[in-house]
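Student: 3D, please:
(one chain, ligands or ions: 1)
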Amino acid sequence: MREHDDTAAELIRNYLEYQVNAGFTQVLIPRRSPVRTGSPRLQAVREELGECTRCPLHRGRTHIVFGEGAPDARVLFIGEGPGADEDREGKPFVGRAGRLLTKMIEAMGCDRSDVYIANVVKCRPPGNRDPEPHEREACVSFLEAQIKAVNPEVIVTLGRIAANVLLNTKEPLGKIRGTFQDWNGIPVMPTYHPSYLLRREPDRRAKREAWTDLKQVMALLGLPVPASGDQS
Ligand code: URA
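Tutor: From the prediction side, this is the model:
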């Protein structure tokens, strides 16, 4: 028992030292609820959504892209809305941006199937335009219900729209990215959208910043964090 206490104390000390060295001014304590039964609750949310016609986006869709992943995921990623590939397959982040998101998840030491991935809107906005405010409003209660069902320890929002909708703010992404925010007691890390990272490919600064954000999420989850280096 004493040995376990020593090991736990050592782990906690390392974690706190990491936070201090990384310049954190707050100590972030990961939550884990005692009972983690995501699946039936998620199923209930999916059933409530039904063959949704609550906003005009339903007219152009092939599939509703509800979300996918582990129903009891420790980390939940939120994008903006399905693109053409996602609309065709009915799954989130399966196109080019999705392949980069998968790499980002793997760089964190996770498998895509370990996490949960959802979007602000569940139907594809035409021509990949930003979802309109009334379209976001029609969908946001389903996103919130998904979050409550999964009950993750941390949320990562991808891009401006996801951060603004979830956090109910108009702050530019540049102001809030890289610092933990809060959604009903769950820490939220706003970071760049993978599509933005692809657009900025030649300039690696944004990618480095996104990796810094993800490393904070890893530290919060108690995952091993590489001391330095770039994720490529
Ligand atoms: N971009 C998003 O925001 N979501 C997806 O599912 C795919 C691309």
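Student: residue 77 falls within a strand, correct?
Tutor: Yes. The assignment for residue 77 by DSSP: H, G, I helix; E, B strand; the rest coil puts it in a strand.
Student: ok, residue 204 - how many residues close by?
Tutor: Using other Cβ atoms under 10 Å, residue 204 has 13 neighbouring residues. Every residue, glycine included, has its C-beta placed from N, CA and C.
Student: again, but for the one 4 residues further on
Tutor: When neighbours are defined as other Cβ under 10 Å, residue 208 has 14 of them.
Student: likewise the one 4 residues further on?
Tutor: Neighbours of residue 212 under the rule other Cβ under 10 Å: 14.
Student: so it: helix, strand or coil?
Tutor: Going by three-state DSSP: residue 212 is helix.
Student: nearest spatial neighbour of it, skipping sequence neighbours?
Tutor: Leaving aside its chain neighbours, residue 212 sits nearest to residue 178 (6.4 Å; criterion: Cβ to Cβ, 6 or more residues apart in numbering).
Student: same deal with residue 145?
Tutor: Leaving aside its sequence neighbours, residue 145 sits nearest to residue 45 (Cβ to Cβ, 6+ apart; 4.4 Å).
Student: contact partners for that neighbour?
Tutor: Residue 45 makes contact with 142, 145-146, 149, according to Cβ atoms under 8 Å, 6 or more residues apart in numbering.
Student: pLDDT at it, what is it?
Tutor: pLDDT recorded at residue 45 is 98.
Student: looking at it, residue 72 is touching residue 149, isn't it?
Tutor: No. With contacts defined as Cβ atoms under 8 Å, residue 72 does not count as touching residue 149, sitting 9.5 Å away.
Student: quick one: which of the two has more around it?
Tutor: A side-by-side neighbour count of residue 72 and residue 149, using other Cβ under 10 Å, places residue 149 first with 22 against 19.
Student: in the chain, which spans are helices?
Tutor: With DSSP state H as the criterion, the chain has helices at 2-21, 39-49, 84-89, 96-107, 133-150, 159-167, 173-176, 194-199, 205-221.
Student: could I get those in TSV, plus columns for distance to the ligand?
Tutor: Converted to TSV, the helices of the chain look like this (distance: least, Cβ to the nearest ligand atom, whole Å):
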stretch	distance to the ligand
helix 2-21	30
helix 39-49	16
helix 84-89	4
helix 96-107	5
helix 133-150	12
helix 159-167	7
helix 173-176	14
helix 194-199	6
helix 205-221	15
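Student: quick one: pLDDT of residue 20?
Tutor: 60.
Student: got it, and the one 3 residues further on?
Tutor: At residue 23 the predicted local distance difference test score is 58.
Student: same check, this time on the one 4 residues further on
Tutor: We note a pLDDT of 57 for residue 27 in this prediction.
Student: go on, residue 100?
Tutor: Looking at residue 100, its pLDDT is 98.
Student: would you mind measuring from residue 50 to the ligand?
Tutor: The gap separating residue 50 from the ligand is 20 Å, by Cβ to the nearest ligand atom, to the nearest Å.
Student: same check, this time on residue 110
Tutor: 18 Å.
Student: quick one: low-confidence parts of the protein?
Tutor: 1-38, 228-232 (pLDDT under 70).
Student: ok, what's across the strand from the closest residue to the ligand within it?
Tutor: The ligand sits closest to residue 79 of the chain, with a gap of 2.8 Å, by Cβ to the nearest ligand atom. In this structure, residue 79 bridges to residue 119 when assessed by DSSP bridges.
Student: so what's it up against?
Tutor: 92-93, 97, 101, 117-120, 158-159, 162, 193.
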